[in-house]
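In: Sequence and predicted structure, then a few things I'm wondering about:
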Amino acid sequence: MQQRRTIDQIHTNRVLLNGQLDTPKWWAPTVIVLGIIVAIGFFLIGIMVNKGLGVTGLSRPVYWGLFITTFVFWVGISHAGIMISAILRLSQAEWRRPVTRAAELLTVFSLLTALLFPLMHAGRPWRIIYFILPYDFARGIMPNVRSPLIWDPVAISTYLTGSTLFLYIALLPDLGNLRDRTTGWQNALYTILALGWRGNPRQWKLQTVGGILLSALMLPIFVSVHSIVSWDFAVTPAVEGWHSTIFAPYFVIGAVHSGVSAVVTMMALMRWLWKWEDFIRPEHFDALARLLIVVATGWLAFTFLELLFAVYGLDAPELELRDMQIFQWPWNLLFVTFLFTGYIIPVGMWLQKSVRNNIALMFWSSLFVNIGMWLERFMIIVPGLARKTPFVYTWEAYRPSGLEWFILFWSLAWVTFLMLLFSRFFPLVPLFEQKESQTFGDSIKIGRVRVPAIVREAD
Amino acid sequence: MSKSVLGLYNDPNQAADAMDALKNAGFAQGTFDVLTGTPYPEGAFGEHVPQHRLFRFPAFGAIIGFTLALFLTAATQIAYPLVTGGKPILSLFAMLVILYEMSMLSAVISTVVGIVIESRLPNVNQGVYDNRITEGLIGVVITTDDDKADTAIDALNGAGAMEIKQA
C-alpha cells in the first residue's frame, strides 16, 4: 500500500484546517458533554475546598494519595511533547511532521492539569501564594528554596512557560495560513496572532534555527522536571520505597513511556475524528511503536533495578514493603496489573509488525500503557505510606473516595476538553511541516523498484 | 513615494529567474524578497542569505536568569536565616536547582524574543501580499520608487509571472 501520496498545498490546507474552517458535526456535542463533566468536576473541587480534605479518603498515615498520583501521572504525560518534538527535530526524523504539534499541545495541557492537583491536595489552595511571597510579612519568612516542594513548582512553571512559547513559535506560519483563509473576526484574531508573518527566507530560517535552538534548550528542562518531581519522594528518607537514588532517571524514562503512548492515543483519535488518513499514516504508528519498545524496555530495567537496590541491602522495613507491594492483597493485584498493562501486553503486541501498522490495536495498546503507568505511580506513592510502622498510633487503610475518583476522571475530560477547544481555533498538525515534506519529498529508482526519498540540505 | 510590487509564480524556477531579473535590472539586494508558504532550501531562489544573531539571545538570557536566581536564593535565605534540617543557610545543592531552572527559563524566553525580533516581527505594515502564497504560489516582492516600478514589473513579467499586484 502506498502511504506517501503527493498532496498539493490547497488540499493540505482544506484537510488539515477542517477543524477551524469547517468544524466537524461531532465537535459541538462532544465539547458540550465534556464541558458538563468539567463543570461538575470544578463544582466538586469547590465543595472540597469548602469542606476540607475530609471529603477525600486521605487520612493518617496516607496523606499523599490519588491527587499526588495523578499529578505525577500528568507530569509524565507532559513529557511526550518535548521528547517527540525536540528529539525528532534535532535528529531531523522525517516522521515527526504530523506528530510534533499534538505532542507539544499535550505537554501544555497536561502540565496545566498537573499543576491543579497540588493545589487541590493542599486543601487551602489560596495559601499557595506563600510559595512566592514571604510566609509572614511581619517576620519576613521567605519561601524555603531548600525544599523540593519549592523546586517542583519552579521546574514545572519553567517547563510550562517554555513549552507554551515553543508551541506558539512553531504555530506562527500556520497562523499566517489561517489569516489567509478566514474573514471577519477570525481574520482579525489570526492577523494579530500571526504578527504579520509573510513567509520570507529570513522568517523561515529563524523558524528552523529557532526551532532547533528551542529544542536544545527544552531537552535539559524536560529531563530536569521529572527528576525534580521524583525528588519530592527521593529526598524523603523517612518513607521506605521513596528514598532511592535511581528515582530521577526512573521517573524520566517512565514519563517518556507514558507520554509517547499518550501521543499514540491522540494521533489515532486525530486520524479517526478529523479523517487525516493521508497525513497520520500507519508508518508513523510503526515508528512510534519501535521507539516505544526501546523506551518501555529501558523503563522495565529501571523498575527491576529499583526493586533490586531496595532488597539488596536486606533492610527489614524495605523488605516488608516490597513483600506487601508484590505479594499481599490487594497490592499484588495492582502490581500484576501494572506489570501486564505497562509492559507485557503492549510490548508483546508491538513486537508484531501487523499490530504496529494497525491503528486500532495501537490505540488500545497505548491506553493499556497509561493504565499501567498510572498504577506504577500509585504503587510508588501509596504503599510506602500505608505500610504499618512502629510509633504511629492510628491506622486506616487508604480508600480513595468517590470524589477523588471523579476528579481523576475529570482530569481526563478536562485535558480532552482543552484539546478540542484548541482544535477549533488552531491546527493540530503543522501544515507548513507537511508542505515542506512534500517539497523535499521525491522518489528514486533503485534497480527495479521506486522508493520514497527525502532531500535534505547539507547543513 | 515608494511602491510595492508582487509577482506570483507557480514554479520555483520562474521565481528564481525573477529574482535574477531584478538583480540584473539594478535593484539592490534587500529591496526585493521571495515569499513562500513552506520553507525552501537556503539559496533556492538565489536570494540574499539572511544573517542573524539569534545565538546571542539565549546566552544573554541565561546570564540574566542565573543572576536573578542567585539573588533570589541567596537573599531570601540570608534575610531570614532559619536553619532547617541541619542544612547550611546557603545550601549550594538546593540553590543549584533554582539557579538551573531560572537560567533555562530566561534562556528560553530570550530565545523566543530573539526569534521574533530577528524575524522582523511583529510586522505591522504587511505591504503587498497574496493569500494564495499559503496555497503554494511563490511571490517575489519588491519595494522601490514609483519611477522604477515599471522596470520591476517588466522584470517580474519577463520571468513568467502569472499575476502582478501593486500597493
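Out: In hand now; what should we look at?
In: from chain A, which residue is nearest to chain B?
Out: Going by Cβ to the nearest Cβ, chain B is nearest to A:G196 of chain A, at 2.9 Å. The way it works is simple: take the backbone N, C-alpha and C, and place the C-beta from them, glycine included.
In: Could you chop chain B up by domain?
Out: According to automatic domain parsing, chain B comprises the domains B:2-50+B:125-166, B:56-118.
In: now those domains as a markdown table including mean neighbour count and distance to A:G46?
Out: Converted to a markdown table, the domains of chain B look like this (neighbours: other Cβ atoms under 10 Å in any protein chain shown; distance: least, Cβ to Cβ, whole Å):
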| stretch | mean neighbour count | distance to A:G46 |
| --- | --- | --- |
| domain B:2-50+B:125-166 | 19 | 45 |
| domain B:56-118 | 18 | 32 |
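In: which residues does the residue nearest to B:R53 when sequence neighbours are not counted contact?
Out: Nearest residue to B:R53 in three dimensions, chain neighbours excluded: B:E118, at 6.8 Å (Cβ to Cβ, 6 or more residues apart in numbering or on different chains). Contacts for B:E118 (Cβ atoms under 8 Å, 6 or more residues apart in numbering or on different chains) come out as A:R202, A:L206, B:H52, B:R53, B:L54.
In: Which residues are in contact with B:Q166?
Out: Contacts of B:Q166 (Cβ under 8 Å, 6+ apart): B:K3, B:S4, B:V5, B:L6, B:V128, B:A149, B:I153.
In: Okay, B:S4 and B:A21: tell me how far apart.
Out: 17 Å (Cβ to Cβ, to the nearest Å).
In: brain fart, B:P41
Out: 21 Å.
In: which parts of the stretch 301-450 of chain A sit against chain B?
Out: Residues of the stretch 301-450 of chain A lying close to chain B (Cβ under 8 Å from any Cβ of the partner chain) are A:F432, A:K435, A:E436, A:Q438, A:T439.
In: In JSON lines: those residues, plus distance to A:S227, secondary structure and pLDDT.
Out: Formatted as JSON lines, those follow (distance: Cβ to Cβ, whole Å; DSSP: H, G, I helix; E, B strand; the rest coil; pLDDT from 0 to 100):
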{"residue": "A:F432", "distance to A:S227": "34", "secondary structure": "helix", "pLDDT": "87"}
{"residue": "A:K435", "distance to A:S227": "38", "secondary structure": "helix", "pLDDT": "84"}
{"residue": "A:E436", "distance to A:S227": "34", "secondary structure": "helix", "pLDDT": "81"}
{"residue": "A:Q438", "distance to A:S227": "39", "secondary structure": "helix", "pLDDT": "76"}
{"residue": "A:T439", "distance to A:S227": "39", "secondary structure": "helix", "pLDDT": "75"}
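In: from those, which is closest to A:I82?
Out: A:F432 (20.0 Å; Cβ to Cβ).
In: Could you count how many residues lie near the closest one?
Out: Applying other Cβ atoms under 10 Å in any protein chain shown, we find 27 residues neighbouring A:F432.
In: State the pLDDT value of the residue nearest the centre of chain A.
Out: By Cα atoms, centre = their mean, chain A has its centre lying nearest to A:I77, at 2.1 Å. Looking at A:I77, its pLDDT stands at 92.
In: Show the contacting residues for A:W395.
Out: By Cβ under 8 Å, 6+ apart, the neighbours of A:W395 are A:R60, A:P61, A:K388.
In: ChimeraX command to pick out the buried ones of the residues you listed?
Out: Those of the contacts of A:W395 that count as buried under 16 or more other Cβ atoms under 10 Å in any protein chain shown are selected in ChimeraX with:
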select /A:61
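In: Go through the contacts of A:W395 and flag which are in helices.
Out: Members of those lying in helices (criterion: DSSP state H): none.
In: Could I get the average pLDDT for the longest helix along chain B?
Out: For chain B, the helix that runs over the most residues, judged by DSSP H, is helix B:92-118. For helix B:92-118, mean pLDDT rounds to 94.
In: What about whatever residue of chain B ends up closest to chain A, how many residues nearby?
Out: Residue nearest to chain A within chain B: B:N123 (2.9 Å; Cβ to the nearest Cβ). Other residues within reach of B:N123, judged by other Cβ under 10 Å, total 15.
In: what about the residue nearest to it when sequence neighbours are not counted, is that helix, strand or coil?
Out: Nearest residue to B:N123, sequence neighbours excluded (Cβ to Cβ, 6+ apart): A:G196, at 2.9 Å. Following DSSP: H, G, I helix; E, B strand; the rest coil, A:G196 is assigned to coil.
In: quick one: A:G196 from A:L175, how far?
Out: 10 Å.
In: Over to A:I344?
Out: 44 Å.
In: These two: which is more packed in?
Out: The neighbour comparison of A:I344 against A:L175 (other Cβ under 10 Å) goes to A:L175, with 21 against 15.
In: Apart from its chain neighbours, what residue comes closest to the more buried one?
Out: A:A194 (3.9 Å).
In: Point out where chain B drops to low pLDDT.
Out: Across chain B, nothing is flagged by pLDDT under 70.
In: Name the residue most distant from the centre of it?
Out: Distance-from-mean max, chain B, by Cα atoms, centre = their mean: B:G86 at 50.6 Å.
In: Name the SS class of B:V83, please.
Out: coil.
In: thinking again about what came up before, per-residue confidence for the residue of chain A closest to chain B?
Out: At A:G196, pLDDT is 92.
In: got a list of what it touches?
Out: So A:G196 contacts B:L121, B:P122, B:N123, B:V124, B:N125, B:Q126 (Cβ under 8 Å, 6+ apart).
In: what do you get if the cut-off is 10 Å, keeping everything else the same?
Out: A:172, A:176, A:179, A:203, B:119-127, B:129 (Cβ atoms under 10 Å, 6 or more residues apart in numbering or on different chains).
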